[in-house]
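Engineer: pasting the sequence and the predicted coordinates here, then a few questions.
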Amino acid sequence: AGVQTLEASIGGSGVCPFAPHASGHIATQDQVYMLDRSGVEQGDQLERLIEGAAGLEPVLGKTVPSPLLKAGGFPVASA
């Protein structure tokens with residue numbers, strides 16, 4: 001589709017100043033997971049992104065809205 005850049009934030013913690021009740025940006029780890037599952041190789045950064053998002057919660061003093069952080073990834077099929 002010609003997309004070259006996607007915006008996200010760790011844990012989905014970003015906010016939009018123009019939409020006061022918006023939940024924030026898509027979580028980086030959710031975006032990487034979706035791209036990986038769609039066949040777009042993103043490298044081995046997913047686990048580090050999940051750990052970073054989990055570490056962000058105590059710093060912010062609240063949970064971040066990342067669905068992947070709450071549910072975990074889809075199990076990898078064994079051959």
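Structural biologist: In hand now; what should we look at?

Engineer: in the protein, which spans are helices?
Structural biologist: 28-37, 46-60, 67-71 (DSSP state H).

Engineer: quick check: G61 vs E41, distance?
Structural biologist: 35 Å (Cβ to Cβ, to the nearest Å). All C-beta atoms are positioned from the backbone trio N, CA, C, and that covers glycine.

Engineer: for the chain, give me the ranges with low pLDDT.
Structural biologist: 16, 23-24, 76-79 (pLDDT under 70).

Engineer: swap in 80 and give it another go.
Structural biologist: Along the chain, segments meeting pLDDT under 80 span 1, 14-24, 41-42, 74-79.

Engineer: does the spatially closest residue to S66 that is not a sequence neighbour have beta-bridge partners, and which?
Structural biologist: With sequence-adjacent residues excluded and distances taken as Cβ to Cβ, 6 or more residues apart in numbering, S66 is closest to A27, at 3.7 Å. Beta-bridge partners recorded for A27 (DSSP bridges): S9.

Engineer: for A27, what are its contacts?
Structural biologist: Listed by Cβ atoms under 8 Å, 6 or more residues apart in numbering, the contact set of A27 reads 8-13, 53, 64-69.
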